[in-house]
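Novice: The amino acid sequence is not available; the structure is as follows:
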């Protein structure tokens with residue numbers, strides 16, 4: 001390995017690490033900045049009893065999501081007044097917890113699921129607060145935002161990414177949730193992206209080289225297809241082939257009740273469900289790649305080196321090979337980025353077709369304010385993009401000697 005190559009490699013690794021650190025911090029802070037302070041927890045037992053007697057209903061009824069408007073505000077204002085009158089702002093023997101400065105809605109939901117009672121009493125509230133403190137410590141949220149960040153980094157290195165805060169999935173780890181969906185996403189996205197890339201570039205190259213009828217047919221079709229949004233192609237295929245013609249199942253990855261197994265019955269059923277989400281991605285990829293390849297090929301065909309090569313009598317087939325090799329450079333970049341962001345792009349197709357990949361996992365996590373899962377999946381997407389970009393610089397060197405000379409010399 002030459003000195004220039006080592007210098008270039010060290011520089012790229014350094015920028016990779018800096019970007020990775022920035023990505024980890026952004027993936028941690030951005031979702032959590034949306035997390036509200038939650039509802040203050042008012043659990044001084046004597047004050048609660050007096051408040052319930054005065055307003056005519058208890059705290060559980062006041063804080064019920066379906067409660068009448070104004071009940072919660074009335075209960076809170078009465079509680080604050082009585083607490084001040086009774087002087088219970090300090091730590092008394094009857095005080096369970098008084099006005100916790102910051103409560104977390106996701107933890108509150110987890111506690112409510114684990115600790116429930118139709119007739120809350122002092123024991124119930126003491127159990128509730130004890131459970132809250134346990135879960136808060138388990139999730140690393142008892143040390144403030146910096147403590148939670150350290151907890152998050154620790155679980156990145158142990159590979160679990162922490163525990164889900166969804167009431168449906170707690171206490172599963174984020175890594176186990178990712179492992180459930182990543183295989184479905186990879187098997188759907190990667191083949192669709194590669195096939196769309198190959199077909200799109202082939203059509204674009206032929207349209208640029210042949211022109212005339214090919215160009216007049218391929219170009220308008222490619223422009224039309226590339227203008228269709230991702231959800232548009234998915235909905236069109238779903239309505240036509242899934243609902244009207246009923247050629248393919250409109251949702252899921254396999255029939256309900258079918259047990260996953262390495263058998264032809266299961267594999268054939270998966271492939272049957274696979275068609276609509278697969279082709280919805282391929283169609284969009286073909287249009288965009290064909291338009292890009294055609295434009296780059298026409299530019300290269302009109303370059304000076306092509307005219308000079310023809311003037312020298314070099315065979316047209318050899319010239320065209322170099323033309324398309326140069327035209328492929330931006331397309332390779334697009335391919336690497338498409339593969340790197342395939343998990344993010346899976347969101348639309350997987351949501352519309354209820355496909356159990358990471359796109360659906362991300363959608364569910366966002367809907368349920370599951371910050372750990374959102375951060376974990378977003379971090380996986382970021383790492384894939386960074387790795388794709390990192391490898392792309394070296395792939396370029398093998399495709400175009402000019403890039404190698406600029407990088408390694």
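Specialist: Received it, and whenever you're ready, just let me know what you need. Nothing here was measured: the structure is a model prediction, and the numbers come from that model.
Novice: Can you name the residues that contact the nearest residue to residue 224 once chain neighbours are set aside?
Specialist: What sits nearest to residue 224 in space, not counting adjacent residues and going by CB to CB, 6 or more residues apart in numbering, is residue 287, at 7.3 Å. In this view, the C-beta of every residue, glycine as well, is placed from N, C-alpha and C. Taking CB atoms under 8 Å, 6 or more residues apart in numbering, we find residue 287 in contact with 200, 221, 222, 223, 224, 225, 226, 227, 228.
Novice: Who wins on neighbours among those residues?
Specialist: residue 200 (28 neighbours; other CB atoms under 10 Å).
Novice: Grab the nearest non-local neighbour of that residue.
Specialist: Residue 200's closest residue in space is residue 289 (CB to CB, 6+ apart), at 2.6 Å.
Novice: Could you do residue 152 as well?
Specialist: That would be residue 28: by CB to CB, 6+ apart, it lies 5.3 Å from residue 152.
Novice: thought that neighbour was touching residue 149?
Specialist: Yes - here residue 28 reaches residue 149: they are 5.8 Å apart, a contact under CB atoms under 8 Å.
Novice: so which helix or strand takes in the residue nearest to residue 152?
Specialist: Secondary structure from DSSP states H and E places residue 28 in helix 3-33.
Novice: Would you indicate which residues of that helix are buried?
Specialist: For helix 3-33, the neighbour count (16 or more other CB atoms under 10 Å) marks 8, 23, 24, 27, 28, 31, 32 as buried.
Novice: Find the residue ranges of the protein scoring beneath the pLDDT cut-off.
Specialist: Filtered on pLDDT under 70, the chain yields the residue ranges 1-5, 8, 34-43, 65-66, 87-105, 117-122, 213-215, 336-347, 393-409.
Novice: Do a quick rundown of the strands in it.
Specialist: 42-44, 95-98 (DSSP state E).
Novice: list the helices and strands the helix holding residue 28 packs on?
Specialist: On a contact count with 3 or more CB pairs under 8 Å, 6 or more residues apart in numbering; DSSP states H and E, helix 3-33 meets helix 144-157, helix 371-399, helix 401-408.
Novice: The longest one vs helix 144-157, what angle?
Specialist: Right, helix 371-399. 50 degrees (axes from the mean of the first three to the mean of the last three CA atoms, to 10 degrees).
Novice: Show me what counts as buried in helix 371-399.
Specialist: Going by 16+ other CB under 10 Å, helix 371-399 has these buried residues: 371-382, 384-386, 388-390, 395-397.
Novice: circling back to that earlier point, any chance of the buried residues of helix 3-33 in a markdown table, with distance to residue 181 too?
Specialist: Below are the buried residues of helix 3-33 laid out as a markdown table (distance: CB to CB, whole Å):
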| residue | distance to residue 181 |
| --- | --- |
| 8 | 36 |
| 23 | 21 |
| 24 | 21 |
| 27 | 18 |
| 28 | 21 |
| 31 | 18 |
| 32 | 23 |
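Novice: okay, among these, which ones form the most distant pair?
Specialist: Farthest apart among those by CB to CB are 8 and 32. That separation is 37.0 Å.
Novice: quick revisit: output the helices and strands packed on helix 3-33 in TSV; the columns should cover distance to residue 110.
Specialist: Listed next are these as TSV, based on distance: least, CB to CB, whole Å:
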stretch	distance to residue 110
helix 144-157	16
helix 371-399	12
helix 401-408	51
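Novice: who wins for proximity to residue 258 among those helices?
Specialist: helix 371-399 (26.5 Å).
Novice: what packs against that closest one?
Specialist: helix 3-33, helix 144-157, helix 174-210, helix 316-340, helix 342-352, helix 358-367, helix 401-408.
Novice: can you give me the angle the longest one makes with helix 316-340?
Specialist: Right, helix 174-210. Going by the same axes, to 10 degrees, helix 174-210 makes 160 degrees with helix 316-340.
Novice: Helix 174-210 packs against which elements?
Specialist: helix 212-227, helix 264-301, helix 316-340, helix 342-352, helix 358-367, helix 371-399.
Novice: Now do it and helix 358-367, the angle between them.
Specialist: Going by the same axes, to 10 degrees, helix 174-210 makes 130 degrees with helix 358-367.
Novice: Centre of the chain to helix 174-210, how far?
Specialist: 17 Å (CA atoms, centre = their mean, to the nearest Å).
Novice: hang on, the earlier thing: return the closest of the buried residues of helix 3-33 with respect to residue 325.
Specialist: residue 8 (22.4 Å).
Novice: Now do stretch 256-271: distance from first to last residue.
Specialist: This stretch, stretch 256-271, spans 15 Å end to end (CA to CA, to the nearest Å).
Novice: Give the buried residues for that stretch.
Specialist: Those would be 269, 270, for stretch 256-271 by 16+ other CB under 10 Å.
Novice: can you list contacts of that stretch?
Specialist: Stretch 256-271 has contacts (CB under 8 Å, 6+ apart) with 253, 254, 255.
Novice: again, only this time at 10 Å
Specialist: The contact list for stretch 256-271 (CB atoms under 10 Å, 6 or more residues apart in numbering) reads 184, 187, 249, 252, 253, 254, 255, 274, 278.
Novice: from the residues you listed, which would you call buried?
Specialist: Buried among those (16+ other CB under 10 Å): 184, 249, 253, 254, 274, 278.
Novice: ok, residue 182 touching residue 380?
Specialist: Yes - at 7.7 Å, residue 182 and residue 380 qualify as touching, with contact defined as CB atoms under 10 Å.
Novice: Make CSV out of the helices and strands packed on helix 371-399 and add distance to residue 78.
Specialist: Formatted as CSV, those follow (distance: least, CB to CB, whole Å):
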stretch, distance to residue 78
helix 3-33, 33
helix 144-157, 31
helix 174-210, 41
helix 316-340, 56
helix 342-352, 45
helix 358-367, 34
helix 401-408, 71
